[in-house]
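Q: the amino acid sequence is not available; the structure is as follows:
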């Protein structure tokens, strides 16, 4: 089983459902086949969370693809999914890099499946690093100026 | 000025450790060049023609003397003993070693400084009026707002991988000295009908390859909503800005493509979800930011006109009088002057300052200007609070330092990027062109007769030298491998901002002083009374200038 980083730890990937692209997923919603326990959605850059049809909160896994790590749209998608009340797993997939883990986590991504070979244990260090942040984020609901 | 508390300091220290780790992993081959690129850029590190270039953040241009002395020491210990003031009010070092940068950042952190987000596709240093807090035409001090924006934009998790760089400027005065129309977001403090001060928000301005004047997307925004509104704009841009072509990736292209009304609508839609949320500013947060920008301990002093000592000094010393007239400005508080230090002496690259000059300026600021120094987007320095009776002494020291060239606002006070001498993006050199023009216009009587003229030079389309908004703009272009220069006229950076219009075919480097001279002769012939260059240009248009410059010799 492939290993991933999830909720701050290296774990075996327990997901054994299917990931549908947005169009197929919305078709499945239309057919009454989704949401379902074993069906997740894969968002590509350019596919905003608002385009996901049906009950968002019932989706078990939403993957956000990073075809290139410099395309930062997924950061906003994760944030927006959490803002819309999505509480399930948000997984970064593709070519994101280890040095983006902290920002992605703060935006609401809680699992990471690297395309590239990666020393996952070493990568965990990139989740740490900063003891505080100025902005509110999904981990800290109050910006620093409200806590000073 | 703003002083770090324990949390600010910890965040900066954390960053040094993080970047040290990233540099070590890069040097060990664990991070590829492509992956390291945005990491180093977001720490201000470029790899240039001859060496890396490190851009150090000077938030909204404010420096304590302790910080300026540290910059002097760093430039001496890690570089060649000088720094360059950029048009974002930052300081660039041209020769640091990549391996040394973590140590440089640690040195900076020891005086509450950093290089965070000074380049890369993220939110850059917020700039403002270099005369903030002392300008007579100011509605309120913009610096607390700049600091609030600095904190909000520092390590914002959502906006570190934007389509392109993102620049914000704030103006709080009648005259716009921050070029807010040429920024991705321009903020202007304005009263509403009830007299309450809020923000007018402009978006989609920018220079670069496609210069655009920003458009108003919100006429008046209540102050407490500042951050949620900015966040909404950035979120729209992050999602919809183009990423397929870096030359079409700035927000200005998005605003144009969508149309300002549709863009505004989309921002308002995002704002619905964020408005009144946790990022809404509290009165306490605003008061806290303001508490760092209180008045220094001003003395009750006579107005300059009633200051017999100063008047006698001015009468006795024409050089001092000339400097007083051209390089100092009226202050909000009676008896004080704003003093501009010209980094535009002929023979020195515009904006460059040596380590010993930095230290001497720090000494001057400690003695005569409450221990603070400012950098300007015109690439000069400012001592903002000099008492009338101290001006002669300050002038004498500045003269010895070569920082008293009485040319502020005149044609030799050139804004100029480092150009092809340093920058790997440049098409052409810019420093030698600036120098040749400065040499041609060394006669001060002629300089003053020409009146205020902004001459801005960029070595390439990226427009670091703001050539589009110079009354006279010069752009370095590549013509079949040779360096040529295109001239534009009529740009302006004020509230009535305009973009320069291209004069015609470009010129060789040697021809440039002569071309500028012909333009100015044309102006002198056509002006009426006290009319300034820009006004004459706006009245007569580009044709008379074009005819003169391109006329065949008989």
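A: Structure's in. What do you need? Since the model is a prediction, treat every value here as computed from it, not as a measurement. Numbers count the residues shown, from 1 in each chain, chains lettered A, B, ... in the order given.

Q: in terms of helices and strands, where is residue 96?
A: Unless you meant another one, I'm taking chain A. Using DSSP states H and E, residue A:96 sits within no helix or strand.

Q: please refer instead to chain B.
A: Assigned by DSSP H and E, residue B:96 falls within no helix or strand.

Q: is it in contact with residue B:103, as I believe?
A: No - at 9.6 Å, residue B:96 does not count as touching residue B:103 under the criterion of C-beta atoms under 8 Å. C-beta here means a position set from N, CA and C on the backbone, and glycine is covered the same way.

Q: tell me which of those two has more neighbours.
A: Neighbour comparison, residue B:96 and residue B:103: the larger count goes to residue B:96, with 22 against 16 (by other C-beta atoms under 10 Å in any protein chain shown).

Q: for that one, which residues are in contact?
A: B:51, B:52, B:53, B:54, B:78, B:79, B:104 (C-beta atoms under 8 Å, 6 or more residues apart in numbering or on different chains).

Q: what's near enough to touch the first one?
A: With contacts taken as C-beta under 8 Å, 6+ apart, residue B:51 has the following neighbours: B:94, B:95, B:96, B:97.

Q: identify the residues contacting the residue in the stretch 301-450 of chain B that chain A sits nearest to.
A: Nearest residue of the stretch 301-450 of chain B to chain A, counting by C-beta to the nearest C-beta: residue B:425, 18.2 Å away. Residues counted as contacts of residue B:425 (C-beta under 8 Å, 6+ apart) are B:459, B:460, B:462.

Q: quick check: buried residues in the helix or strand bottoming out on mean pLDDT in chain B?
A: One helix or strand of chain B scores below all others by mean pLDDT, DSSP states H and E: strand B:45-47, with a mean of 87. Judged by neighbour count (16 or more other C-beta atoms under 10 Å in any protein chain shown), strand B:45-47 contains these buried residues: B:45, B:46.

Q: contacts for that strand?
A: If you take C-beta under 8 Å, 6+ apart as the criterion, strand B:45-47 is touched by B:52, B:53, B:54, B:55, B:98, B:101, B:115, B:119, B:424.

Q: hmm, try it at 6 Å
A: Contacting residues not belonging to strand B:45-47 are listed as B:52, B:53, B:54, B:101 [C-beta atoms under 6 Å, 6 or more residues apart in numbering or on different chains].

Q: same question, stretch B:520-538
A: Residues outside stretch B:520-538 that contact it (C-beta under 6 Å, 6+ apart): B:450, B:451, B:452, B:453, B:471, B:489, B:490, B:492, B:540, B:544, B:545, B:548.

Q: ok so, going back, quick one: which of the contacts of residue B:96 sit in helices?
A: The helices, defined by DSSP state H, take in B:78, B:104 from the contacts of residue B:96.

Q: so which of the contacts of residue B:96 is the closest to residue B:485?
A: Relative to residue B:485, the closest of these is residue B:53; by C-beta to C-beta it sits at 23.1 Å.

Q: around chain B, which positions in chain A sit nearby?
A: Residues of chain A lying close to chain B (C-beta under 6 Å from any C-beta of the partner chain) are A:70-73, A:75-76, A:79, A:83, A:97, A:99, A:103, A:106-107, A:129-132, A:134-137, A:141-143, A:145.

Q: so residue B:233, which of the three states?
A: Counting by DSSP: H, G, I helix; E, B strand; the rest coil, the backbone at residue B:233 sits in helix.

Q: list the contacts of the spatially closest residue to it that is not a sequence neighbour.
A: Using C-beta to C-beta, 6 or more residues apart in numbering or on different chains and skipping residues adjacent in sequence, the residue nearest residue B:233 is residue B:267, 5.4 Å away. When contacts are counted by C-beta under 6 Å, 6+ apart, residue B:267 touches B:232, B:233, B:236.

Q: what secondary structure does residue B:267 sit in?
A: With three-state DSSP as the criterion, residue B:267 reads helix.

Q: retrieve the pLDDT associated with residue B:517.
A: Per-residue confidence (pLDDT) for residue B:517: 97.

Q: what about the residue nearest to it when sequence neighbours are not counted, neighbour count?
A: Once flanking residues are discounted, residue B:517 sits nearest to residue B:440: 6.3 Å by C-beta to C-beta, 6+ apart. For residue B:440, the count of nearby residues is 18 (other C-beta under 10 Å).
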